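Peer 1: The following comprises the amino acid sequence and a computationally predicted model.
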Amino acid sequence: MVCSVHLVLSPQEAMQEKKWGMFVARQLNISPRRIAFMQIIKRSIDARHANVKINLTLLVHLDKIELTTCEKAFKPKTLQNDKKVIVVGFGPAGMFASLQLLMFGIKPIIIEQGFDVHQRKCDIATMYRSNTLNERSNYCFGEGGAGTFSDGKLYTRSSKRGNNNWLLQVLQQAGASENILIDVHPHIGSDKLPGIVQTIRQWIIDSGGEVHFGTSVTSLLITNGVCEGVTVNEEEKIKADAVILATGHSSSRIYEMLEKQGVQLQAKGFAMGVRIEHPQHQINIIQYHGNQYLNYLPAAEYKITEQVEGRGVYSFCMCPGGMVVPASTQNGYSVVNGMSSSQRNSPYANSGVVVEIHPEDIYTHPSANDVWQFQQQYEKNAYNAVQQGLKIPAQRIVDFIQQKKSDHLPKTSYIPGVVSSPMHKWLPTFIHKRLQKAFLQLQQHIKGFISDDAIMMGVESRTSSPIRIPRNTKTLEQTEIQNLYPCGEGAGYAGGITSSAFDGIAVAEAINKKI
């Protein structure tokens, strides 16, 4: 017999796995000897009150272990020789679109302008040593996309995107910890993600797909309103039954190419702000109501959702025990993001804190180019505030609220270095005013959020694309061009690893239905 049991334990009790059987037996009113095996299937921390609790859901086998057959989540089919799809971009959307195509027996041909993970890691190390950006291979471009170096947080605000369990099982099959199948807020860790994306790449190749790194799509092959393939590196033409655009939120060159070819682009809502960093110990004390549980609990997280003057101010990509990294893709621009390893053991906690932007906040009737230029202007402002390679502008939160330049800055996790800057002067007024008010509101329910050690760095501008490539809501094809399927963050239909992956899967399903 197998049954599910829910336990609510103290952090100390949760650490003592040998005693769980006693708690389960008491709840089921049975002898502990009847418990043959227990497995965690869900785990979460409830730190809403001073008496912190751990919620565990266990699958309990009574009297004997019931054996079950574990099927692999990714099961490719034999390829149909005449069916192939070009996938432009090898981030989460392109990667999972390719996996889903292979499960339908359709061959993906992946075109990625960046390089494989090993080369990316070497290029990033060189970036740090030289204090200069590599525009082709960086924290955003290359195998796995921006998600490869972003902690690998696997939860999404949307509950209707797709089969989250299947997605997690695929990643666990590729090498992620089994904890991602258990934790309410699962994450993989930037130290493990490179190996996982390499494994997925090998799956694709072994199943008959193709992966081309260092290859740029320079135009679409369009005849009578039908996309028949792409041109790469200005000269080579590749034909296919369909083309998936999964280029991520930072590929400005793709937007320029689409505009030149007459593809409609739309302005959409997005968000922009700063990245906040605190000492992790300080966040632990705040979130866990003191230090009594610190030896039993992981690095604490926080979530921000505030309303200020009709716009949301919220946290994005919170990285407990993490570090801040340079996320620009063009020289002369400063952009930041956060990441953390699977252990989340850095002494710092960071999170994007961004302000919701509607296109009309910028102009009355803005074009896609208007919102893109607006985003880029403030990335330029951040660079011009310092003009020292990868170094970025920073300001203590207390000084930002008081609208004065910081005369000193605390230590940070940002390796290239930070430079004091009056960020309140060059951030858009409607953003910096809302951030100031949001920080004061936050102090009311996250006591200690505003402190001498709390620092903000800028800018956090790539939470999602400010541009949408319109597509048919049913067929998911681009509205003007058949067989062209925009998807993921770069197309304006996702915001994060999980939602991008789901969108890639949805597009692959739509293509299979058509061809």
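Peer 2: Thanks, I have it.

Peer 1: going forward, measure contacts and count neighbours with C-alpha atoms only.
Peer 2: Will do.

Peer 1: Once you drop chain neighbours, what's closest to Gly458?
Peer 2: Closest residue to Gly458 apart from its sequence neighbours, by C-alpha to C-alpha, 6 or more residues apart in numbering: Val274 at 4.9 Å.

Peer 1: So which residues make contact with the helix or strand the one you found falls within?
Peer 2: For Val274, the host element (DSSP states H and E) is strand 270-279. Strand 270-279 has contacts (C-alpha atoms under 8 Å, 6 or more residues apart in numbering) with 324, 336-338, 347-358, 412, 431-432, 435, 453-466.

Peer 1: try stretch 167-182
Peer 2: Contact with stretch 167-182 is made by 40-43, 72-74, 154, 165, 186-188, 192-193, 195-197, 199-200, as judged by C-alpha under 8 Å, 6+ apart.

Peer 1: Show the end-to-end separation of it, please.
Peer 2: This stretch, stretch 167-182, spans 13 Å end to end (C-alpha to C-alpha, to the nearest Å).

Peer 1: likewise stretch 337-353?
Peer 2: Stretch 337-353 end-to-end distance (C-alpha to C-alpha) = 11 Å.

Peer 1: Would you mark the buried spots in that stretch?
Peer 2: Under the neighbour-count criterion of 16 or more other C-alpha atoms under 10 Å, stretch 337-353 has 337-342, 344-353 buried.

Peer 1: One more: stretch 46-54?
Peer 2: For stretch 46-54, a neighbour-count test (16+ other C-alpha under 10 Å) marks 52-54 as buried.

Peer 1: helices and strands around the longest strand anywhere in the chain, which ones?
Peer 2: Of all the segments of type strand in the chain, defined by DSSP state E, the longest one is strand 35-46. With contacts taken as 3 or more C-alpha pairs under 8 Å, 6 or more residues apart in numbering; DSSP states H and E, strand 35-46 sits against strand 53-62.

Peer 1: Contacts for the strand it packs on, please.
Peer 2: Against strand 53-62 from outside (C-alpha under 8 Å, 6+ apart): 1-11, 14, 34-47.

Peer 1: Using ChimeraX, define a selection of the buried residues within the contacts of stretch 167-182.
Peer 2: Of these, the buried ones go into a single ChimeraX selection, burial set by 16+ other C-alpha under 10 Å:
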select :40,41,42,43,73,74,154,186,187,188,192,193,195,196,197,199,200
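
Peer 1: wait, isn't Arg509 in contact with Leu102?
Peer 2: Check again: residue 509 is Glu, not Arg. No: between Glu509 and Leu102 there is no contact under C-alpha atoms under 8 Å: 10.9 Å.

Peer 1: Look at the two and report which has more neighbours.
Peer 2: Just comparing Glu509 and Leu102: by other C-alpha atoms under 10 Å the higher neighbour count belongs to Leu102, 26 against 17.

Peer 1: got a list of what the residue lying closest to Gly492 once chain neighbours are set aside touches?
Peer 2: The shortest distance from Gly492 to any non-neighbouring residue, by C-alpha to C-alpha, 6+ apart, is to Arg468 (4.3 Å). Neighbour list for Arg468: 265-268, 368, 490-493 [criterion: C-alpha under 8 Å, 6+ apart].

Peer 1: can you list the residues that contact stretch 281-296?
Peer 2: By C-alpha under 8 Å, 6+ apart, the residues outside stretch 281-296 that reach it are 11-12, 15, 47, 49-50, 52, 299-302, 347-349, 446-449.

Peer 1: again, only using 10 Å
Peer 2: Residues from elsewhere that reach stretch 281-296, judged by C-alpha atoms under 10 Å, 6 or more residues apart in numbering: 10-15, 46-52, 277, 280, 297-302, 320-321, 347-350, 445-449, 451, 453-454.

Peer 1: ok, the buried residues of stretch 337-353 vs Leu258, which is closest?
Peer 2: The nearest member of the buried residues of stretch 337-353 to Leu258, counting by C-alpha to C-alpha, is Asn337 at 27.1 Å.

Peer 1: who does Ile35 bridge with?
Peer 2: Beta-bridge pairing for Ile35 (DSSP bridges): Leu62.

Peer 1: let me redo that: Val325
Peer 2: On the basis of DSSP bridges, Val325 is bridged to Asn337.

Peer 1: Looking at it now. What's its pLDDT?
Peer 2: At Val325, the model reports a pLDDT of 96.

Peer 1: circling back: restricted to strands, list the contacts of strand 270-279.
Peer 2: Per DSSP E, the subset of those in strands is 324, 336-338, 348-357, 455-460.

Peer 1: Just the residues contacting the helix or strand Glu228 falls within, thanks.
Peer 2: Element membership for Glu228 (DSSP H and E) is strand 226-232. Residues outside strand 226-232 that contact it (C-alpha under 10 Å, 6+ apart) are 85-86, 88, 111, 113, 215-223, 236-244, 478, 480-485.

Peer 1: Now the buried members of those.
Peer 2: 85-86, 88, 111, 113, 215-222, 237, 239-244, 478, 481-485.

Peer 1: among those, which are in strands?
Peer 2: Judged by DSSP E, strands contain the following of these: 85-86, 88, 111, 217-222, 237, 239, 242-244, 484-485.

Peer 1: how about the helix or strand containing Ser499: buried residues?
Peer 2: Per DSSP H and E, Ser499 falls inside helix 497-514. Residues of helix 497-514 classed as buried: 497-511 (neighbour count, 16+ other C-alpha under 10 Å).
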